[in-house]
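Q: Have a look; sequence and predicted model below, questions after that.
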Amino acid sequence: MGVILGIDIGGSSTKIVGLHENGTVIDMLRVKAEAPLTSLYGALGNFLATHSLKLTDIGHIALTGVGASYVDGDIYGVRTVKVEEFPSVGVGGLALSRKERAVVVSMGTGTSLLWAEKGGEIRHIIGSGIGGGTLSGLSELITGVHLIRKLCQDGDLSQIDLTIGDMSKGKVGTLPPEATAANFAKLAEDATSADKMRGLVNLVLQAIGTMSVLACRTCGTNTVVLTGALTMLPPAHETFELFTQLYGVEYIIPENATFATAIGAGLYSLQKKPEA
């Protein structure tokens, strides 16, 4: 059959994953580009050159993501199939986390929440326009720069967010003093760009955390698998650990979480026979 290529053409980058016929990963590659087709062909050429592969070595290409709609027919004569994004996210999230079932969250330009069962149902629960695109736009608006990962590491949330402890001497119900009462409600006059960036990241991640808790309640689970570019943000682990403490939800950020959708597309194409 040859090497299987799972390719996720997203809103800001293209991820490509090579798989053996048994589903094991060969390698992963990410390419940034504004034009979907430019990033697609750049990622494909790079992957083939890096691994000394010829087009005849490729069994088939599985395309997914919003940019897949720009591709018609086969790529360079290689059988090309399109896989819906939601099944790709669900299959990829479960494969990377090695869970049988979970709420799988795709944190990309926007945010999608899915219920996924291995070999069973994968369904879209709900989505939100709050995601990486929100963070990118607001960072330009509020700080005038786009150094999100670098700046947010040094920011001080006490300069930005109002906490329960700012308003009460003790807990409010089960909420501890350090829990956020209102994002950006305590914006200090001397808040730095790093402080504001940290506040923006916290705002987006907490919004996703809140939605994931509600999704768990709806699906009767306490397991969430986080995928997508926002998993790489330095505060992500800390933020979701707080949600674990508050709500008893287990958050898993698997290794290579940014490639979950590309991996899922490749694996799903081996399981099913999607239309070309």
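A: Thanks, I have the structure now. Numbers count the residues shown, from 1 in each chain.
Q: who touches Thr239 in this structure?
A: Asn202, Leu205, Gln206, Gly209 (CB atoms under 8 Å, 6 or more residues apart in numbering). No exception for glycine: its C-beta is placed from N, CA and C like everyone else's.
Q: list the buried ones in the one helix or strand in the chain whose mean pLDDT sits lowest?
A: None of the helices or strands of the chain scores lower by mean pLDDT, DSSP states H and E than helix 148-152, at a mean of 82. By neighbour count with 16 or more other CB atoms under 10 Å, helix 148-152 contains the buried residues Ile148, Leu151, Cys152.
Q: Next, please give the residue ranges for the strands of the chain.
A: Per DSSP state E, the chain carries strands over the ranges 3-9, 13-19, 25-32, 58-64, 80-82, 101-107, 111-117, 122-128, 162-163, 180-182, 223-227, 250-252.
Q: If it's not too much trouble, I'd like those strands exported to TSV so that distance to Gly144, mean pLDDT and mean neighbour count sit alongside each entry.
A: What follows is these, written out as TSV (distance: least, CB to CB, whole Å; pLDDT from 0 to 100; neighbours: other CB atoms under 10 Å):
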stretch	distance to Gly144	mean pLDDT	mean neighbour count
strand 3-9	30	95	27
strand 13-19	23	93	24
strand 25-32	21	91	16
strand 58-64	35	96	24
strand 80-82	39	96	19
strand 101-107	24	97	27
strand 111-117	25	97	23
strand 122-128	26	96	16
strand 162-163	24	95	18
strand 180-182	24	94	16
strand 223-227	29	98	26
strand 250-252	32	98	18
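Q: neighbouring contacts of stretch 27-37?
A: Contacts to stretch 27-37, defined as CB under 8 Å, 6+ apart, come from residues 9, 12-18, 39, 42-43, 46-47, 50-51, 66-67, 70-71, 256, 258-259, 262-263.
Q: Swap in 10 Å and give it another go.
A: 6-19, 38-47, 50-51, 65-71, 229, 256, 258-259, 262-263 (CB atoms under 10 Å, 6 or more residues apart in numbering).
Q: which among those residues end up buried?
A: Applying 16+ other CB under 10 Å to the contacts of stretch 27-37 flags 6-11, 13-19, 39-44, 47, 65, 67-68, 71, 229, 256, 258-259, 262-263 as buried.
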